[in-house]
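[1] fold the following.
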Amino acid sequence: MLDQPDAMSPLERDGSIIWVGLPEREAAKLRELWLRDEIGLQLSVEVRAPVVVGVFPMRIARYVMDGLALNGSNGSGGLLHPLHSLDPEPALAE
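    Now for the predicted structure:
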């Protein structure tokens, strides 16, 4: 629930200002995430003003669980080998 449903707040980055339809407190959090490159902002192409119409994550997944590592790290930089087994106990060769 927003206290001000019609609020517009400016977000500034690298000398550019864009507008988001949020009250100041919520816009400040959005700006913080945007400045840390945690999120991206999609701007409207329908209007001539730089207005935010979408928010999307910049880092889709920070950790990839592969069934072997319990701490969220598989030691491969987040990428699984195509032939990597997700079975924690691979079958032994006979």
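[2] how about the strands in this protein?
    9-13, 16-20, 39-43, 52-57 (DSSP state E).
[3] just put those in JSON lines and tack on mean neighbour count and distance to A28.
    For the C-beta atoms, the positions are set from N, CA and C on the backbone; glycine is no exception. Below are the strands of the chain laid out as JSON lines (neighbours: other C-beta atoms under 10 Å; distance: least, C-beta to C-beta, whole Å):
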{"stretch": "strand 9-13", "mean neighbour count": "14", "distance to A28": "8"}
{"stretch": "strand 16-20", "mean neighbour count": "15", "distance to A28": "10"}
{"stretch": "strand 39-43", "mean neighbour count": "14", "distance to A28": "14"}
{"stretch": "strand 52-57", "mean neighbour count": "12", "distance to A28": "14"}
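[4] which one of the ones you listed lies closest to A27?
    For the strands of the chain, distance to A27 was read as C-beta to C-beta. The smallest value, 3.5 Å, belongs to strand 9-13.
[5] output the below-cut-off pLDDT ranges for the chain.
    Low-confidence segments of the chain (pLDDT under 70): 1-2, 60-94.
[6] 50 - rerun?
    Within the chain, the set of residues satisfying pLDDT under 50 comprises 64-74, 80-81, 84-85.
[7] one step back: take the strands of the chain and lay them out in CSV including distance to E26.
    Supplementary listing: the strands of the chain in CSV, determined by distance: least, C-beta to C-beta, whole Å:
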stretch, distance to E26
strand 9-13, 8
strand 16-20, 8
strand 39-43, 13
strand 52-57, 11
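[8] who wins for proximity to R31 among these?
    Between R31 and the strands of the chain, the tightest spacing by C-beta to C-beta is seen for strand 9-13, at 4.8 Å.
[9] what strands flank that closest one, and is each parallel or antiparallel?
    When sheet partners are counted by DSSP bridges, strand 9-13 sits next to strand 16-20 (antiparallel).
[10] dump the strand it pairs with to PDB, restricted to CA.
    What follows is the C-alpha trace of strand 16-20 in PDB, where atoms were taken according to Å, rounded to 0.1, in the frame of the first residue of the first chain:
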ATOM      1  CA  SER A  16      20.500  12.100 -16.300                       C
ATOM      2  CA  ILE A  17      17.200  12.300 -14.600                       C
ATOM      3  CA  ILE A  18      14.400   9.800 -15.000                       C
ATOM      4  CA  TRP A  19      11.000   9.700 -13.300                       C
ATOM      5  CA  VAL A  20       9.400   6.800 -11.500                       C
END
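[11] if anything else comes up later, I'll come back, but that's it for now.
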